[in-house]
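**Student:** Got a predicted structure here, sequence first:
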Amino acid sequence: MSLKNHPHTEQAIFDDQEGAESILDKTWLSPPGFLGWFTHVNQRQIGFRFVVTSLIFFALGGLLALLMRLQLVQPENTLMGAEFYHQIMTMHGTTMMFFFAVPAMEGLGIYLVPLMIGTRDMSFPRLNAFGYYVYLLAGITLYLALFLGMAPNTGWFSYVPLAGIDYSPGQGVSFWTTMITFIEISALTAAVELIVTILKQRAPGMTLNRMPIFVWSILVMSFMIVFAMPTVMVGSVLLALDRTFATQFFVASGGGDPLLWQHLFWFFGHPEVYIIVVPALGIVSTVISTFCQREVFGYTAVVLSMVTIGFVSFGLWVHHMFTTGLPHLGLSFFTAASAMIAIPSGVQIFCWIATLWGSKIQFKTPMLFIMGFFAVFVIGGLTGVMAASIPFDMQAHDSYFVVAHLHYVLIGGAVLPFFAGLYYWYPKMTGAMLSERLGRWSFWLIFVGLNLTFFPMHQLGLDGMPRRVYTYLHNMGWEEINFFVTCAAFLMAFGFLLTFINTLISPYKSRAAGSNPWHADTLEWWAQSPPRNYNFRHLPVISSRTPLWQKAPLYKVTGIRADRREIIITTLLDAKPQGVCIMPSPTYWPFVLALTVGFGFLGFMFKPILFVVGFFLSFFAIVGWLWPARPWLAEKPPEDGHPVRGLQ
Ligand code: HEM
Ligand SMILES: [Cu+2]
């Protein structure tokens, strides 16, 4: 396949020529050094940062959880007071949901999708970098608030009227509303880029039904982000207005409606869970297929059930509000919808079982984490179906039963698959294998630890222990279980620690991974480990769903220029080549823009007018960002060939 129809073909250097490799290296280079770090826009660097940063937030959120468990280890403990407990509880929930789980999945997507679909970068690389800095700044700000004793303390869903100005004066909740709005910008930028990249940059021949399942899962996740995140942004902006300018959106006495907050929050909040779980399902399919060395059974069924989960999850949010006194007929609809989500989830599970059936499974560490996922996620799903029935939920609502349920779902549905993905793709990202021995130890400690931690919490809940209490009285019958749970939490934490150690020492200790250590079938394993600046020496042409398992060698695209950042644009359904696109170069502007936008958001909390100042400054950053440096515009348009376009 040749795209050699640019003007000036005589002078240009193409990536199929001798010596193109070093030119490609230079073209796609990210400036080195500390200052250079702020200019990077390449998708793999940004994706890697997302993953590492999210793991750091996971560790921070985990430390807060251990602090909570220390406080609850015995009745009437005086380690901390109610105020601090509620701050770290809110910070734990917020960190895990907004600063770990979603960015971790996005990070994997950003790193892997371009590799899996055979291209050299994401669409909108600068926006990508901007999204990362926004995420980083929001996280740092929230943790600064914790250290200054000003952290939010109203729980990760900040219910009004508790979160209103009357009951939560001070800056805590304001930090929450502004930082949540701020970080959702980051999620939205990532989602938009991922969608465009997946739909327009697939290697020639990678029709939609040849796309790897993981890429499908990231596509579904991204669409869900686009539809879900704006509601929480709207909600938190309205709450900020209520708190700052005394508007009355959520204030009953002023004609507002506190339930509106719950609707807005959960219309985002329930899909949020699936935003995390759907990419995890993609990881599960990928890992299973590799360690069984066969295609996942029922490709179409698996893909369609992910899409179905994406749709149905937007119709469940009211199951978080069963006890608010909404009309009964409406509630039963949401019970039915909540139970219905078990169907597409079940389809996936059966497809995986069919894949595993009769194949020689290699139980490497990633596969162990997947097996853990099966057990834990199914238990979480079962307690979910229980809680979807209204009479049961009336009893279990706001008790430790819910805490147990949500951790089974989130740890089973996201953390275990994410760690499977980490063990699986770490060799690609770093070029080194993770230690299997440490990996096994880590898995078993986590698996045993989490069941010992969270299973007894079901019992605590049934015994009546409410969630979100900083202490409890003697003689409630909760002492033994609480003591046990705290010990188990430390066991699990030790398991996670082993993986952290593993990731830190393996680059120095373990053997080189080679390009395809697991003998997997998707394209990322065609690149070197770690991939070069330009991902692939040649861009591939795809003719099957399992390009690296097919007997015939891959065809290569020729005629892509090596001396500027060119990628191929293809059609949406059939991935027929349409043209060539030139990607932007490294720059400071995304970082500067993140600073000015961040200034506006943070300033708003202290003096609303600073919001305007922040956006005034942002204007200059945007001008700098978009400043036309587009040499290709000077070129004559090709007479018979494909158009050349640039993306900023
Ligand atoms: C690493 C082990 C973990 C431990 C020991 C742990 C422990 C806890 C504890 C003790 C609470 C507070 C219960 C209360 O007072 O009501 C809590 C709440 C919560 N946790 Fe975890 N957790 C862990 C991991 C996670 C993960 C991985 C996620 C999500 C991906 C998560 C999400 C949440 C959420 C959303 C809440 C609710 C916060 C709120 O009520 O506002 N946790 N967790
Ligand atoms: Cu839900």
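**Tutor:** Received, thanks. Numbering: from 1, shown residues only. Ligands and ions are numbered 1, 2, ... in the order given.
**Student:** CA atoms for contacts and neighbours, from now on please.
**Tutor:** OK.
**Student:** which residues sit in contact with the closest residue in space to Phe314 that isn't next to it in sequence?
**Tutor:** Nearest in space to Phe314, with sequence neighbours left out and distances taken as Cα to Cα, 6 or more residues apart in numbering, is Pro271 at 5.8 Å. For Pro271, the contact set (Cα atoms under 8 Å, 6 or more residues apart in numbering) comprises 224, 228, 310, 313-314, 317.
**Student:** Now the helix or strand hosting Pro271: average pLDDT?
**Tutor:** Applying DSSP states H and E as the criterion places Pro271 in helix 258-292. Helix 258-292 carries an average pLDDT of 96.
**Student:** Could I get the buried residue list for that helix?
**Tutor:** Within helix 258-292, the residues scored as buried using 16 or more other Cα atoms under 10 Å are 258-259, 261-292.
**Student:** Which residues does the helix or strand that contains Phe84 contact?
**Tutor:** Here Phe84, judged by DSSP H and E, is contained in helix 82-94. For helix 82-94, contacts defined as Cα under 8 Å, 6+ apart pick out 61-62, 64-65, 68, 146, 151-156, 468-470.
**Student:** what element comes up after that helix heading to the C-terminus?
**Tutor:** Counting by DSSP H and E, what follows helix 82-94 is helix 102-116.
**Student:** Would you map the strands across the stretch 451-600 of the chain?
**Tutor:** Ranges of strands within the stretch 451-600 of the chain are 540-541, 555-556, 566-570, 577-582, based on DSSP state E, counting those that start in this stretch.
**Student:** distance between the helix holding Phe84 and the chain's centre?
**Tutor:** 22 Å (Cα atoms, centre = their mean, to the nearest Å).
**Student:** from memory Ile283 sits against Gly421, does it?
**Tutor:** Yes: with contacts counted by Cα atoms under 8 Å, Ile283 reaches Gly421, the gap being 6.2 Å.
**Student:** Nearest to Cys351, out of the strands of the stretch 451-600 of the chain?
**Tutor:** Closest to Cys351 of the strands of the stretch 451-600 of the chain, according to Cα to Cα: strand 540-541, at 28.5 Å.
**Student:** List of residues touching that closest one?
**Tutor:** Contacts for strand 540-541 (Cα under 8 Å, 6+ apart): 1, 118, 203-206, 554-557.
**Student:** One more: stretch 22-40?
**Tutor:** Stretch 22-40 has contacts (Cα under 8 Å, 6+ apart) with 15, 41-42, 46, 129, 532-534, 562-565, 586-589, 591.
**Student:** Helices - which of those land there?
**Tutor:** Under the assignment DSSP state H, those contribute 46, 129, 589, 591 to helices.
**Student:** Is it correct that the first one is in contact with Leu127?
**Tutor:** No: the pair Ile46 and Leu127 does not pass the contact test of Cα under 8 Å, sitting 10.5 Å apart.
**Student:** which pair in the ones in helices among the contacts of stretch 22-40 spans the largest distance?
**Tutor:** The most widely separated members of those, counting by Cα to Cα, are Ile46 and Trp589 (14.9 Å).
**Student:** Now for Gln17, how many residues are close by?
**Tutor:** Residues lying near Gln17 (other Cα atoms under 10 Å) number 12.
**Student:** Could you pick out the residues of this structure near ligand 1 for me?
**Tutor:** Neighbours of ligand 1 within the chain, by Cα under 6 Å from any ligand atom: 62, 65-66, 68-69, 89-90, 93, 96-97, 101, 155-156, 407, 410-411, 467-469, 489.
**Student:** Identify the residue nearest Phe157 in space, chain neighbours excluded?
**Tutor:** Nearest to Phe157 is Phe265, by Cα to Cα, 6+ apart, at 7.0 Å.
**Student:** quick one: contacts for that neighbour?
**Tutor:** Here Phe265 is in contact with 157, 231-232, 235 (criterion: Cα under 8 Å, 6+ apart).
**Student:** would you list every one of the helices in the stretch 301-450 of the chain?
**Tutor:** Applying DSSP state H, counting those that start in this stretch to the stretch 301-450 of the chain gives helices spanning 328-340, 342-356, 365-387, 390-396, 400-410, 416-430, 436-462.
**Student:** Serialize those to a markdown table and add fields for mean pLDDT.
**Tutor:** Converted to a markdown table, the helices of the stretch 301-450 of the chain look like this (pLDDT from 0 to 100):
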| stretch | mean pLDDT |
| --- | --- |
| helix 328-340 | 88 |
| helix 342-356 | 94 |
| helix 365-387 | 94 |
| helix 390-396 | 91 |
| helix 400-410 | 96 |
| helix 416-430 | 97 |
| helix 436-462 | 97 |
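**Student:** Return the member of the contacts of Phe265 nearest to Arg437.
**Tutor:** Checking the contacts of Phe265 against Arg437 with Cα to Cα, the nearest one is Phe157 at 39.7 Å.
**Student:** May I see the buried residues of the helix holding Phe84?
**Tutor:** Buried residues in helix 82-94, counted by 16+ other Cα under 10 Å: 84-94.
**Student:** what do you get for stretch 600-608?
**Tutor:** For stretch 600-608, a neighbour-count test (16+ other Cα under 10 Å) marks 600-605 as buried.
**Student:** want to try a markdown table for those, with secondary structure and pLDDT as columns?
**Tutor:** Formatted as a markdown table, the buried residues of stretch 600-608 follow (DSSP: H, G, I helix; E, B strand; the rest coil; pLDDT from 0 to 100):
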| residue | secondary structure | pLDDT |
| --- | --- | --- |
| Gly600 | helix | 94 |
| Phe601 | helix | 92 |
| Leu602 | helix | 91 |
| Gly603 | helix | 92 |
| Phe604 | helix | 90 |
| Met605 | helix | 87 |
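**Student:** what's the closest of these to Leu356?
**Tutor:** Nearest to Leu356 among these, with distances taken as Cα to Cα, is Phe601, at 49.7 Å.
**Student:** how far away is Trp444 from Phe130?
**Tutor:** 38 Å (Cα to Cα, to the nearest Å).
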